[in-house]
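Asker: give me a model of this one.
(2 chains)
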Protein chains: 2
Amino acid sequence: MPLSEFAIIKQYFQRDFKGDSVILGPGDDCALVKTPFKEGQCQALSMDTLVAGVHFPVDTNPADVGYKSLAVNLSDLAAMGAKPIWFSLALTLPDVDADWLALFSSGLYSLAEQYELPLIGGDITKGPLSITIQIAGVVESSLALRRDGAKEGDKIFVSGALGDAAVGLTLLNGSAPEFSAPSYRHRDNLKYLKARLDRPSPRVSLGLELINVASSCIDVSDGLLADLSHLCGRGSLSDRSSLGCKGSLGTEIYFEQLPLSAELRAYFEDSQLSELEKAKLVLASGDDYELCFSAPEERREEVAAAASKAGVPVTLIGKFTEAGSIRCIDANGEMLDLQHLGFRHF
Amino acid sequence: MPLSEFAIIKQYFQRDFKGDSVILGPGDDCALVKTPFKEGQCQALSMDTLVAGVHFPVDTNPADVGYKSLAVNLSDLAAMGAKPIWFSLALTLPDVDADWLALFSSGLYSLAEQYELPLIGGDITKGPLSITIQIAGVVESSLALRRDGAKEGDKIFVSGALGDAAVGLTLLNGSAPEFSAPSYRHRDNLKYLKARLDRPSPRVSLGLELINVASSCIDVSDGLLADLSHLCGRGSLSDRSSLGCKGSLGTEIYFEQLPLSAELRAYFEDSQLSELEKAKLVLASGDDYELCFSAPEERREEVAAAASKAGVPVTLIGKFTEAGSIRCIDANGEMLDLQHLGFRHF
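Answerer: Got it, this is the predicted structure:
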């Protein structure tokens, strides 16, 4: 007989730690959470869904699915400079598979425990596999890193490295068959690139250090160009095309300065990819979960100090310009053709 | 070209009202919410998912789906005596259907506006149709209505009427073909019963009035017996079977006292249903979204006052007894056989 919802929660989703703030955890109609508010603090809230076959291949290791479900939400808090305080989980499962649940919850908690983040409740339903997580953090209202704070002349930075996850996905998809031979000399690189897809590192500590330093910030989930366009636009949900930034800022990005991992560089060297294909993987593919942020020139040392304190490399990649488009300059000083490199959910 | 996620939010999910607490609504990495905390207050948080084909028939009017998605979450807040403050929405859609979205959002906002409840953010993804809502409310920590407060001798009450939605579902399923003739004299009753399935009334005002009055409370979503069993058990997620209540309280429910709507009574009269089938619809079928709560004998007048103030009828249906099982007594003083009347998600 399959496990009931309560039995699933008890067996897979209960841990000893519940944080200082949880008065009542899973099992009642609601969770009760005491939020440790100080004067001027507010809650930062984000919700992300991962759907099997859309956001991850159906045969992905469930531990990776569990990890990533939480990681993408932590990444949203990182982008606001918020400190995570709790999360809730809506899990829709086609059936009760004990092995799947054990792996999923182990991956989920490997990250939750790292942040001492309590799971306060949620829902378990029957249906096509998908995972929705609501995450909450705290941040001082006036200091939260927002998308709309950049000014002309501000420098643009990105954390970590770009493009790894996009290549990881092409490898999974089997669209790079030349690398499937067991004799391929850089097989460890491929593992690394796939791991960057499955287990992105949310830059929470960097986000916290960027408070009072960055003028705007976003996490790179839809590809650098698409997410950068949000930093160009003024006001949330303003009317703009994905590369247009009409009536707001433009950017100049130096392609040669974009941070690429050693593993990605080796892969590119071994690959048959054209320069345009490489640019597309680095600039316009999703799942990096790095932070892209801006800061005025005079804060460059503070940016470096924040990166060092967080233990996350940060690279200067360009600057905001007056109203105009997003431009990307290659090593020869020529503009890359960015048409049709964007990303849309639908 | 289909609408982008931003365009969908802008067109269907933005309203002028955003409450006093929302600093930053949809469009950034996170929403920023200032929770109006007083000393001793906490947040009550609930999350529910509705999956097409599981929780509602795929051809349900999208306006009803929108309404009900929020209603079931409001019902969880009601069951804790919490005042709603915000909600977030994770919407997974197979494709962007403008008509569907217009209807869905109109149903959703018809209820949200009634409670002046701001939508603070969420996610829109591509995949099999499902809706997850996270709702937040505030309640004084020490006064929240919990599942674990009932004591032996406490009276058991239920709001509104039971069984309407369950019959509404059998009508939708076509499992009561004798009522499909256009000449059936009580067709308006059938409409009413279906509406109770599609548009349940969350008992938020009653929940607020029951603060300091009820000793325990739950919303009846899985059927009275299954939900009552949670009030019997001590502590959340304690080990118990659905009708067992091992090591905790028992109950005595008087079947003849259960509140049935006039529409349901007329339907039962016209139907060929056996007494057992009727009992199953009333006691062990889901989607009532009424409150089931307990209060000590000496608070019966306060219960009546709370019901009157909230404008919701409340009926005494039984009492908690010492450790034992859930028992239901019929008009002849005999015990109904409750075996196999429970509800399980899987």
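
Asker: thought residue A:69 was touching residue A:133?
Answerer: Yes - between residue A:69 and residue A:133 there is a contact at 5.4 Å, judged by C-beta atoms under 8 Å. (Glycine included, C-beta is placed from N, CA and C.)

Asker: what do these two both touch?
Answerer: A:48, A:89 (C-beta atoms under 8 Å, 6 or more residues apart in numbering or on different chains).

Asker: give the next helix or strand downstream of the lengthiest helix in chain A.
Answerer: Longest helix in chain A, counting residues (DSSP state H): helix A:62-80. Remark: after helix A:62-80, the chain's next helix or strand is strand A:83-93, criterion DSSP states H and E.

Asker: okay, angle between that following strand and helix A:62-80 too, please.
Answerer: With axes from the mean of the first three to the mean of the last three C-alpha atoms, to 10 degrees applied, the angle from strand A:83-93 to helix A:62-80 works out at 140 degrees.

Asker: strand A:83-93 packs against which elements?
Answerer: Applying 3 or more C-beta pairs under 8 Å, 6 or more residues apart in numbering or on different chains; DSSP states H and E, we find strand A:83-93 packed against strand A:31-33, helix A:62-80, helix A:98-114, strand A:119-126, strand A:130-140, helix A:204-210, strand B:41-51, strand B:130-140.

Asker: can we see that at 6 Å?
Answerer: Other helices and strands packing on strand A:83-93, by 3 or more C-beta pairs under 6 Å, 6 or more residues apart in numbering or on different chains; DSSP states H and E, are strand A:119-126, strand A:130-140, strand B:41-51.

Asker: who does it pair up with?
Answerer: strand A:119-126 (parallel), strand A:130-140 (antiparallel) (DSSP bridges).

Asker: run through who's touching it.
Answerer: A:21, A:33, A:77, A:115, A:117-125, A:127, A:130-138, B:47, B:49, B:51, B:132 (C-beta atoms under 6 Å, 6 or more residues apart in numbering or on different chains).

Asker: and stretch A:177-190, by the same measure?
Answerer: A:171, A:263, A:266-267.

Asker: pull that stretch out as CSV, backbone CA atoms only.
Answerer: Extracted as CSV, the C-alpha positions of stretch A:177-190 are listed here (Å, rounded to 0.1, in the frame of the first residue of the first chain):
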residue,chain,number,x,y,z
PRO,A,177,28.2,13.3,-29.9
GLU,A,178,31.9,13.9,-30.6
PHE,A,179,32.5,13.9,-26.8
SER,A,180,30.8,10.6,-26.0
ALA,A,181,33.8,8.4,-26.7
PRO,A,182,35.2,6.9,-23.5
SER,A,183,38.7,7.8,-24.8
TYR,A,184,38.0,11.5,-24.9
ARG,A,185,40.9,13.1,-23.0
HIS,A,186,38.9,15.7,-21.1
ARG,A,187,36.1,13.5,-19.7
ASP,A,188,36.5,15.1,-16.2
ASN,A,189,35.7,18.4,-17.8
LEU,A,190,32.4,17.1,-19.1
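
Asker: how far is stretch A:190-206 from where the chain is centred?
Answerer: Relative to its chain's centre, stretch A:190-206 lies at 9 Å (C-alpha atoms, centre = their mean, to the nearest Å).

Asker: picking up where we left off before, and residue A:69 and residue A:133? Which one has more around it.
Answerer: Neighbour count, other C-beta atoms under 10 Å in any protein chain shown: between residue A:69 and residue A:133, residue A:133 has more, with 29 against 25.

Asker: list the contacts for the closest residue to that one other than its chain neighbours?
Answerer: Spatial nearest neighbour of residue A:133, excluding adjacent residues (C-beta to C-beta, 6 or more residues apart in numbering or on different chains): residue A:73 at 4.7 Å. Residues near residue A:73 by C-beta under 6 Å, 6+ apart: A:46, A:48, A:133, A:135.

Asker: can I get those residues in TSV with distance to residue A:328 and pLDDT?
Answerer: Shown next, in TSV, are the contacts of residue A:73 (distance: C-beta to C-beta, whole Å; pLDDT from 0 to 100):
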residue	distance to residue A:328	pLDDT
A:46	28	97
A:48	28	96
A:133	33	98
A:135	32	97
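
Asker: ok, those residues vs residue A:331, which is closest?
Answerer: Nearest to residue A:331 among the contacts of residue A:73: residue A:48, at 36.1 Å, using C-beta to C-beta.

Asker: burial check on that closest one, number of neighbours?
Answerer: 24.

Asker: pretty sure it contacts residue A:74?
Answerer: No - contact criterion C-beta atoms under 6 Å: residue A:48 and residue A:74 do not qualify, at 9.9 Å.

Asker: show me how far stretch A:14-32 is from its chain's centre.
Answerer: 26 Å.

Asker: please see if it touches chain B.
Answerer: Yes - Stretch A:14-32 reaches chain B (C-beta under 6 Å from any C-beta of the partner chain) through A:23, A:27-32.

Asker: average pLDDT for that stretch, rounded please.
Answerer: Regarding stretch A:14-32, the rounded mean pLDDT is 81.

Asker: which positions in the stretch 101-250 of chain A make contact with chain B?
Answerer: Near chain B, when you scan the stretch 101-250 of chain A using C-beta under 6 Å from any C-beta, you find A:122-123, A:125-128, A:132, A:134, A:141, A:144, A:146-147, A:219, A:236-237.

Asker: would you check which pair of these lies furthest apart?
Answerer: Going by C-beta to C-beta, the pair spanning those furthest: A:126 and A:141, at 40.0 Å.

Asker: helices along chain A, start to end?
Answerer: Under DSSP H, chain A gives helices at A:5-12, A:62-80, A:98-114, A:164-172, A:187-198, A:204-210, A:224-232, A:262-270, A:275-283, A:300-310.

Asker: weakest of those by average pLDDT?
Answerer: helix A:5-12 (a mean of 84).

Asker: can you list the buried residues in that one?
Answerer: In terms of neighbour count (16 or more other C-beta atoms under 10 Å in any protein chain shown), helix A:5-12 has its buried residues at A:5-6, A:8-10, A:12.

Asker: now that helix, how far from the centre of its chain.
Answerer: With C-alpha atoms, centre = their mean, you get 29 Å for helix A:5-12.

Asker: can it be said to contact chain B?
Answerer: Yes - using C-beta under 6 Å from any C-beta, helix A:5-12 reaches chain B at A:5-6, A:10.

Asker: what pLDDT is listed against the residue nearest the centre of chain A?
Answerer: When C-alpha atoms, centre = their mean is applied to chain A, the residue found nearest the centroid is residue A:289 (2.6 Å). Here, the pLDDT recorded for residue A:289 equals 97.
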